[in-house]
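**Student:** With the input below, show me the fold.
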Amino acid sequence: MATDENTTDDIVAESSLQLWAAAQTDFDPLQVPSAEWPDRTVPVRDADIAVDTRLEVDEVRASLGRLDGVKVVVAREAGTWSVVRVVPEDTPL
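**Tutor:** Residues are numbered from 1 along each chain as shown. Below you'll find the model as predicted:
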């Protein structure tokens, strides 16, 4: 992975975490242990991450593809990519 991809991935991962945490209405993932997170959470769209990071949607999607299963869980539906879950830092790879 190139350095630019690493930087973009870091930016997208941080934005995903912040937006995903802010979108949750039933719990605060920054205060609740990851083992207690509910199964149903509010997803964050790729377009929202792009606006937050000032990156192009295609750059965000490429980064989400690299981060999927590592830092975030991504769902793809009708041309939209959404972060449906953030992978806790203490999760073994």
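
**Student:** any idea how far R76 is from the nearest residue to D26 once chain neighbours are set aside?
**Tutor:** Nearest residue to D26, sequence neighbours excluded (Cβ to Cβ, 6 or more residues apart in numbering): P38, at 6.2 Å. Glycine gets a C-beta too; all of them are placed from N, C-alpha and C. Using Cβ to Cβ, to the nearest Å, P38 is found at 22 Å from R76.

**Student:** hang on, the earlier thing: what separation is there between the residue nearest to D26 and E56?
**Tutor:** Taken as Cβ to Cβ, the span from P38 to E56 is 32 Å.

**Student:** residues contacting the residue most central in space within the chain?
**Tutor:** Centroid check for the chain by Cα atoms, centre = their mean gives S16 as the closest residue, at 3.5 Å. Shown in contact with S16 (Cβ atoms under 8 Å, 6 or more residues apart in numbering): V44, I49, L64, L67, K71, V72, V83, V86.

**Student:** can you give me the helices for the chain?
**Tutor:** In the chain, the helices defined using DSSP state H lie at 3-23, 46-53, 57-67.

**Student:** picking that back up, ok, and the closest non-adjacent residue to the residue nearest to the centre of the chain?
**Tutor:** V83 (4.7 Å).

**Student:** returning to that earlier point: for the residue nearest to the centre of the chain, give its distance to R45.
**Tutor:** Counting by Cβ to Cβ, the gap from S16 to R45 is 11 Å.

**Student:** what do you get for V70?
**Tutor:** In terms of Cβ to Cβ, V70 sits 20 Å off from R45.

**Student:** Between the two, tell me which one has more neighbours.
**Tutor:** A direct count of neighbours by other Cβ atoms under 10 Å for V70 and R45 places R45 higher, at 16 against 12.

**Student:** Please name the residues that touch the closest residue to the more buried one other than its chain neighbours.
**Tutor:** In space, and not counting its chain neighbours, R45 is closest to S82: 5.3 Å by Cβ to Cβ, 6+ apart. Neighbouring residues of S82 by Cβ under 8 Å, 6+ apart: P43, V44, R45, D46, V74, A75, R76.

**Student:** confidence score at the first one?
**Tutor:** For P43, the pLDDT comes out at 92.
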